[in-house]
Every structure is written in structure tokens, then in C-alpha cells.
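Novice: The following comprises the amino acid sequence and a computationally predicted model.
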Amino acid sequence: MAKVKLTEYSHGAGCGCKISPKILESILESTRDDIRDPRLLVGNDSRDDSAAYDLGNGTSVLSTTDFFMPIVNDPFTFGRIAATNAISDIYAMGGRPLMAISIFGWPIDLLSEEVAREVIDGGRSACKDAGITLAGGHSIDSPEPIFGLSVTGIVDNKYLKQNNKAEPGCEIFLTKPLGIGILSTAQKKNKIENNDIDAAIDAMCELNKVGMEISKLDGVVALTDVTGFGFLGHLLEICESSNISAEIDYKKVPVLPNTRKYMNMDCIPGGTKNNFKNYGDKIDKMTEEQQIILCDAQTSGGLLAVVKKEEVDKFKKVAKDAGYELESLGRTKNPRNDNKYIEVI
């Protein structure tokens with residue numbers, strides 16, 4: 001099979017091709033009434049990671065979908081990253097994935113069946129690592145390659161985590177470093193050097209299984225994953241929906257190796273720039289570097305957890321047992337009165 005560079009066949013990359021928050025809000029503002037089902041515990045109102053439907057037996061079924069265009073050149077790796085990213089939404093709700101259905105678009109006149117098979121195999125690999133089956137799917141002839149999953153999961157209602165239950169006086173944690181968008185853009189621009197993309201690929205292929213463990217802690221009051229809207233975008237969703245503010249210590253924010261080098265080479269995703277344009281007015285003044293790093297559009301990013309101070313040691317132990325050495329990178333505070341939600345110090 002001839003070697004291909006999948007990123008050459010897409011105008012966007014990974015979660016960086018998400019529709020901007022402001023435009024999406026306008027699209028979702030329907031004039032039609034929805035069915036109000038009391039057993040739908042989590043829907044679109046809170047902009048959470050998955051929908052949750054109460055089964056009436058102390059558990060809820062979780063349902064989510066996520067797909068995008070290639071973020072790396074290798075087909076198998078693209079499939080693996082896209083599947084990992086979709087499954088993450090279940091972990092971010094404290095759930096256990098049960099099965100997945102694929103969403104697949106392919107330019108059949110441009111890319112071979114063999115390359116397409118590699119993408120699907122990458123998705124199967126991630127599903128196997130998560131302990132689930134890729135049970136079917138739907139495909140179309142598309143002008144650009146698209147792959148993702150619809151994932152079904154289950155969660156004990158007592159462990160269900162949302163992004164709108166945060167409180168003031170908590171600590172903020174992130175399980176994966178930032179910079180994925182910048183490094184993947186450097187690859188797309190053929191500026192990447194010395195396997196610098198490897199660290200980003202490793203991060204994107206890492207399942208957020210730790211969500212199933214940390215969700216069992218009462219002290220974890222809010223949980224979400226960091227994807228296309230960037231770290232500040234997803235933290236902002238927590239702050240707005242929970243009616244709190246947050247303070248981030250920039251020097252404590254984990255960043256992938258050589259991210260700043262490629263940032264200075266103008267390897268900045270369009271999604272990253274759009275992120276700041278869309279919600280920068282709700283953040284206190286930042287330097288240009290802070291804007292780019294903290295708003296960088298992530299794909300298959302880490303879990304963002306808000307933890308009560310008295311539960312921090314227990315949280316860090318559970319994380320350490322899962323292979324994570326985590327330190328607080330900020331704290332939540334009372335709401336402000338100036339329409340700003342986040343301060344970066």
C-alpha cells in the first residue's frame with residue numbers, strides 16, 4: 001500500500017474543525033419545542049459530554065457521538081485517535097462504555113479501500129483497548145475523509161458527573177498536557193521535526209479510563225474532557241453553567257514538549273484563533289502566548305476535574321494509582337461582577 005498523508009485531504013484537523021461556540025449556540029436555538037422527558041437526566045441544556053437517560057434501576061444509559069477529519073497522516077493512527085476521542089465522552093461522565101457504532105465518510109475516488117480499512121482498523125484497536133466492540137456503522141462517499149464513533153455507555157447514577165455542578169473553593173486538575181493542536185498543525189504544514197509529533201500522538205491515543213475511577217469520589221464535583229474549544233473554553237463552560245469563576249496559574253499548566261517552538265513558527269490552528277475570538281471577552285487579560293496555549297484546540301485531550309479541597313489528597317492518590325502524577329493548576333472562586341469568568345495569573 002502506497003504511503004499517504006491523510007492531512008493533505010482535509011481542510012481542518014481533528015476537533016479543531018468544530019463549529020465555533022457562538023455559531024453553534026445560534027444553530028441550536030430552535031423555535032420548536034422539544035419533548036420534555038423526565039428520565040433524560042442530562043441533555044443539551046448543560047452542553048455536557050454525553051446524554052444520560054435514567055433506566056429506573058439506579059443506572060443511566062449514556063449516549064454520545066464525535067467525528068472529525070484527519071489530524072495525523074497515518075490512517076491507522078487517525079482511526080485510533082478518532083475512536084479514543086469519542087469514547088472519552090463516556091469516561092468524562094463517569095461511565096463505562098458498552099459498544100460503538102462508526103461514522104465514516106470517504107473520498108472513494110481519491111483514496112483507496114486499503115487506506116480506508118486502516119482507518120477502521122485503528123478505530124477497532126481503540127475499541128478493543130476500551131473493552132468494547134465496534135458493532136457496526138454507516139458510511140458515505142465524502143469529499144474529505146471523516147471518521148468517528150457513536151458510543152453507548154452506562155453509569156451508576158450516584159457516580160454520574162456533569163460540567164455544571166462545580167463549587168467555589170475547589171482545585172482544578174488536568175490529566176493531559178496541552179499543545180496537541182499546535183503540534184498537529186506543525187505536521188500538517190510539514191514543519192514538524194525529530195518526531196516531535198510522537199508525544200502528541202501518544203497523548204491523543206491514551207484512553208481517559210481514569211474517569212471511571214475518579215468519578216466515584218464525592219469530592220469530584222465537575223468533570224469534562226478538553227477538546228476543540230480548548231482548555232479555557234471547556235473551563236468556561238463549567239464556570240458559566242455552575243455560576244462560579246476560576247483562577248489559573250499559567251506556569252503550572254502542563255504543555256507538550258516543543259509546543260512553544262512551533263507556536264513561534266506560526267503553527268496555530270484556525271480553531272485555536274476562533275476559540276479566543278468567541279469567548280476571549282469572558283477571560284481576564286492574557287499575554288499572546290497564554291491565549292494561544294490555553295485556547296489551543298485539543299483533540300482527544302485530557303479530563304478537566306474540579307475537586308473539593310478536602311478531597312484533593314484522595315483524588316491525587318486515585319489518579320496516581322492509574323498512572324497520573326497530578327498537581328493543581330488553579331482554583332474555583334465565587335462569581336465575579338464584571339462579566340469575566342477566568343483569570344490567568
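Specialist: Noted; the coordinates are in hand.
Novice: and the end-to-end length of stretch 57-75?
Specialist: One end of stretch 57-75 to the other measures 41 Å (C-alpha to C-alpha, to the nearest Å).
Novice: Please disregard the earlier target; I meant stretch 295-308.
Specialist: Per C-alpha to C-alpha, the first residue of stretch 295-308 is 25 Å away from its last.
Novice: Stretch 141-152 now?
Specialist: Stretch 141-152: ends 25 Å apart by C-alpha to C-alpha.
Novice: pLDDT on it, on average?
Specialist: Across stretch 141-152, the average pLDDT comes to 96.
Novice: go on, stretch 287-306?
Specialist: The model assigns stretch 287-306 a mean pLDDT of 96.
Novice: Report the buried residues of that stretch.
Specialist: 290-306 (16 or more other C-beta atoms under 10 Å). Any C-beta I mention is one placed from the backbone N, CA and C, and that applies to glycine too.
Novice: confidence score at K22?
Specialist: At K22, pLDDT is 64.
Novice: How about the one 3 residues further on?
Specialist: pLDDT, the model's per-residue confidence, is 67 for E25.
Novice: before we move on, what about G228?
Specialist: 90.
Novice: my guess is it meets S300, correct?
Specialist: No: with contact defined as C-beta atoms under 8 Å, G228 does not reach S300; the gap is 10.4 Å.
Novice: What residues does the residue nearest to T224 when sequence neighbours are not counted make contact with?
Specialist: Leaving aside its sequence neighbours, T224 sits nearest to N163 (C-beta to C-beta, 6 or more residues apart in numbering; 4.3 Å). By C-beta atoms under 8 Å, 6 or more residues apart in numbering, N163 lies in contact with S46, R47, D48, D49, A222, L223, T224, H234, E237, I238, S241, S242.
Novice: measure N163 to Y250 for me?
Specialist: The spacing between N163 and Y250, counted by C-beta to C-beta, to the nearest Å, is 22 Å.
Novice: Of the buried residues of stretch 287-306, which belong to helices?
Specialist: Q290, Q291, I292, I293, L294 (DSSP state H).
Novice: so where is the stretch 151-300 of the chain shaky, pLDDT-wise?
Specialist: 194 (pLDDT under 70).
Novice: Could you pull out the helices in the chain for me?
Specialist: 21-28, 75-91, 113-130, 180-188, 197-204, 210-214, 230-242, 259-263, 270-279, 288-294, 312-321.
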